[in-house]
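Visitor: the amino acid sequence is not available; the structure is as follows:
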């Protein structure tokens, strides 16, 4: 058991290296924004270490800059990050039943879009130590990038600093392209999801809904329809 956990941890560590490097570049811009909002290097780094979400942190910094009340910030964070509830629920169904319940809480702390993508894409039942390995690289990368952004953000030209945010989209592509190449249904659902997200953001009735809430609605609707039309066999994730 210990040997299996070590193997999975090392694999997660290896798969998490590109995520950590991407986070390092993306969070550099976050550090610049944190400095402009009046946060010290320690405060900004602590925020990134305990709150691993770019959208949530940028929203928090905007709220801090506007000197809005804490209650407004709390509600905003809840709405923006609601999608992680769905991700955590999905991963909880993949965890090997041999592991105690508390592993779900530890994994829940480090669930991001990218870590969820590689964790849910494992072939067999999910060993939590695989996710821990990815977290061990991704979270320090996110925190270190924020720290460097606060300390060195003023040194880089603004156009170069802002271009670092493009790394986030590169990570998304690296996660969705491999499974899409293997499965035409997944490829089709990705295209439908992208098109629906674009349409929803421009429709008068739902255009003003927060991005987090739109993700929740689209995920439930599209995933629900896909589950009905293209059901997956229950034993697809059984251990070999």
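Guide: Here it is on my side, so go on. Since this is a predicted model, take the numbers as computed values, not measurements.
Visitor: helix or strand right after the host helix or strand of residue 177?
Guide: In this structure, residue 177 is located in helix 166-182 according to DSSP states H and E. Proceeding N to C from helix 166-182, the next assigned helix or strand is helix 184-202, under DSSP H and E.
Visitor: buried stuff in the helix or strand just after that next one?
Guide: Elements were assigned by DSSP H and E; along the chain past helix 184-202, the next helix or strand is helix 211-229. Using 16 or more other Cβ atoms under 10 Å as the burial criterion, the residues of helix 211-229 that qualify are 212, 214, 215, 216, 218, 219, 222, 226. (C-beta placed from N, C-alpha, C; glycine too.)
Visitor: residues near residue 193, how many?
Guide: Residues near residue 193, counting by other Cβ atoms under 10 Å, number 18.
Visitor: quick one: it from residue 225, how far?
Guide: Shown here: residue 193 relative to residue 225, a distance of 11 Å by Cβ to Cβ, to the nearest Å.
Visitor: with residue 107 instead?
Guide: The spacing between residue 107 and residue 225, counted by Cβ to Cβ, is 28 Å.
Visitor: just the endpoints, please. Distance across stretch 69-87?
Guide: Start-to-end span of stretch 69-87 (Cα to Cα, to the nearest Å) is 29 Å.
Visitor: follow-up on the earlier one: what's the farthest-apart pair in the buried residues of helix 211-229?
Guide: 212 and 226 (21.1 Å; Cβ to Cβ).
Visitor: OK, contacts around residue 104?
Guide: For residue 104, the contact set (Cβ atoms under 8 Å, 6 or more residues apart in numbering) comprises 88, 92, 95.
Visitor: what's the closest of those residues to residue 155?
Guide: Scanning the contacts of residue 104 for proximity to residue 155, where the rule is Cβ to Cβ, the winner is residue 88, at 38.3 Å.
Visitor: now the strands for the protein?
Guide: Counting by DSSP state E, no segments of the chain form strands.
Visitor: how about the helices of it, start to end?
Guide: If DSSP state H is used as the criterion, the helices of the chain fall at 2-36, 41-50, 54-65, 70-80, 83-92, 102-109, 113-120, 128-152, 158-163, 166-182, 184-202, 211-229.
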